[in-house]
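Asks: How does the following fold in three dimensions:
(2 chains)
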Amino acid sequence: MVASTIMARANHKLSDFAVSDDELALLEALCTGLPLDPRPYNVLGARLGMSEAGVISALESLIERNIIRRFGVVVQHRRLGYTANAMVVWDIPDEMVDEIGRRMGEFDFVTLCYQRPRRLPDWPYNLFCMVHGAKREIVLSQVRELADKLGINDIPNEVLFSNRQFKQRGARYTNGEKR
Amino acid sequence: MFETDKKLLNDFQRDFPLVPRPFAEIGRSLGISEGEVLEDFTRHIENKTISRIGAVVRPGTVGVSTLAAMKVPQEKLIEIAKIVSSFDEVNHNYEREHSFNLWFVITAPNESRLQEVLAEIENKTGITPMNLPMEHDYHLDLGFKLKW
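Replies: Reported below is the predicted structural model:
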C-alpha cells in the first residue's frame, strides 16, 4: 500500500504527518468504532497483528502528532435533541478571511470552521462554519451574535439548515484495500 | 437522562483513556462498574445517541477529503441521495435547505481516487457535483459541549 497523502501544517514538521502502514490500518480499524470489550486495544491489536501496548502507543503518538485531533465519544447531535443544524456560509474579503475565520472558530457553538474556494457565479462563499442548536431560533440568534461580534453584519451570508440525514459515519482511508 | 449517562456522553469526547481497561477506568471515575459502562455505551450506540467511540482525524493529514454539493430536483432527491451514499468514500450525506440541496463529504486515499468518485457520481446521477475542498481549518475540535 502506498503511503498516504501528507500535508504540512503550521507548527508541525512534515515528518510528523508521515503515517506508517500500521498506523493507517489502525485508523481504518477504528472507523467503525472502538470495540466494546473490556480490553478494546487488545481486540484491535489481535485484528491487526499488533500488541495491546503497541496499539496504545501508536494512538498516543498519532494524538501527539495531531493527526488524531480528538479521540473519544462521537455524539449524534440530532438524537440528543440538537435538531437544528446549520451550515453558515459567508463571502469574506480575501484579505480578512484568516482573521475572521480564526475568531469565528473560537465561538463555543461553532463546531467547524473552514475556508473553501468560491465557485463563481454559482457559489460566492469562502468561509463555512457549522452551528448546532436545539431550535432554529437559537441557531439564528447565534448567527446574529457571530455577525455582530465579528463586525461582519454587512457581509453576505446564507444559513443552510439540514433536513434529512442520509448517511453519517467515520471516514475510510484505505478504500477497502486489504493489507 | 441520569447524571452518569450525561457524563458518559459529555466527559469522554476527548482524552478517552489510553489504558488496557479504559471502561474500568471510566467506571471508577463515575462510581459504576466496568460492565455497566460497557452496557451503557452499547445502549447509546444502539440508540444512535453516539455514533462511535473513535478518532477524529485532522483533515488533510491522512488521505484527502472534500465537501461537495449538488442541485437535485426535489422529486429525485431520495433516489440520488441513495446513489451518493452507496459510495464507500462518502461518509456524510445531508439534505440542506438551499438550491444546492444535497451536501456530502468524500474521503479517499488519494486525489486521483477522489476525482474518480466525483466523476462516477456525475456519471451515475447526471448532475455535476460542486467540489469545495478545504483550504484552511480555523477550528480546534474539542468535542461538543452538551447543555442539559
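Asks: Stretch A:44-55 vs chain B: in contact?
Replies: Yes: contact of stretch A:44-55 with chain B (Cβ under 8 Å from any Cβ of the partner chain) involves residue A:52. C-beta here means a position set from N, CA and C on the backbone, and glycine is covered the same way.
Asks: what's the residue closest to the geometric middle of chain A?
Replies: By Cα atoms, centre = their mean, the mean C-alpha position of chain A lies nearest to residue A:112, the distance being 6.6 Å.
Asks: and that residue, backbone torsions?
Replies: When quoted as degrees, to the nearest 10, the phi and psi of residue A:112 stand at phi -150, psi 150.
Asks: who's in contact with it?
Replies: Applying Cβ atoms under 8 Å, 6 or more residues apart in numbering or on different chains to residue A:112 gives the contacts A:128, A:129, A:130, B:139, B:141.
Asks: give the contact list for residue B:81.
Replies: A:164, A:166, B:72, B:93, B:95, B:102.
Asks: Counting neighbours, what do you get for residue 136?
Replies: Reading this off chain A. 14 (other Cβ atoms under 10 Å in any protein chain shown).
Asks: Wait, chain B was what I had in mind.
Replies: With other Cβ under 10 Å as criterion, residue B:136 counts 17.
Asks: pLDDT below threshold where in chain A?
Replies: Along chain A, segments meeting pLDDT under 70 span A:1-17, A:170-179.
Asks: Now the closest residue to chain B within it: phi and psi?
Replies: Per Cβ to the nearest Cβ, the residue of chain A with the smallest distance to chain B is residue A:33, at 3.1 Å. Note on residue A:33: its backbone torsions stand at phi 110, psi 160 [degrees, to the nearest 10].
Asks: is chain B contacted by whatever helix or strand residue A:163 lives in?
Replies: Assigning secondary structure by DSSP states H and E places residue A:163 in strand A:157-168. Yes: Strand A:157-168 lies within reach of chain B by Cβ under 8 Å from any Cβ, at A:158, A:160, A:161, A:162, A:163, A:164, A:165, A:166, A:167, A:168.
Asks: which other helices and strands contact that strand?
Replies: Counting by 3 or more Cβ pairs under 8 Å, 6 or more residues apart in numbering or on different chains; DSSP states H and E, the packing neighbours recorded for strand A:157-168 are strand A:84-90, helix A:136-150, helix B:77-85, strand B:90-96, strand B:102-108.
Asks: Could I get the contacting residues of residue A:54?
Replies: Contacts of residue A:54 by Cβ under 8 Å, 6+ apart are residue A:45.
Asks: so how far is residue B:100 from it?
Replies: For residue A:54, the distance to residue B:100 equals 45 Å [Cβ to Cβ, to the nearest Å].
Asks: one step back: quick one: buried ones out of the contacts of residue B:81?
Replies: A:166, B:72, B:93, B:95, B:102 (16 or more other Cβ atoms under 10 Å in any protein chain shown).
Asks: and the third one, bridged to which residues?
Replies: Here residue B:93 sits in beta bridges with residue A:167, residue B:104, going by DSSP bridges.
Asks: Just to check, residue B:122 is in contact with residue B:131?
Replies: No: counting by Cβ atoms under 8 Å, residue B:131 is not a contact partner of residue B:122; they are 10.4 Å apart.
Asks: Of the two, give the one with the bigger neighbour count.
Replies: Taking neighbours as other Cβ under 10 Å, residue B:122 and residue B:131 compare with residue B:131 leading, 16 against 13.
Asks: residue boundaries of the helices in the chain?
Replies: With no chain named, the answer covers chain A. A:21-30, A:40-48, A:52-64, A:97-104, A:136-150 (DSSP state H).
Asks: Oops, wrong one, chain B.
Replies: Under DSSP H, chain B gives helices at B:3-10, B:22-30, B:34-47, B:77-85, B:111-125.
Asks: can you redo those helices as a markdown table with mean pLDDT?
Replies: Shown next, in a markdown table, are the helices of chain B (pLDDT from 0 to 100):
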| stretch | mean pLDDT |
| --- | --- |
| helix B:3-10 | 88 |
| helix B:22-30 | 97 |
| helix B:34-47 | 95 |
| helix B:77-85 | 97 |
| helix B:111-125 | 97 |
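Asks: looking at those helices, which is closest to residue B:61?
Replies: helix B:111-125 (14.4 Å; Cβ to Cβ).
Asks: Does the closest one reach chain A?
Replies: Yes: Helix B:111-125 lies within reach of chain A by Cβ under 8 Å from any Cβ, at B:111, B:113.
Asks: Show me the contact partners of that helix.
Replies: Contacts of helix B:111-125 (Cβ under 8 Å, 6+ apart): A:5, A:175, B:64-66, B:68, B:70, B:72, B:80, B:83-84, B:87, B:89-90, B:106, B:108, B:128-129, B:131.
Asks: Would you list the buried entries among those?
Replies: Of the contacts of helix B:111-125, these count as buried by 16+ other Cβ under 10 Å: A:5, A:175, B:64-66, B:68, B:70, B:72, B:80, B:84, B:87, B:89-90, B:106, B:108, B:129, B:131.
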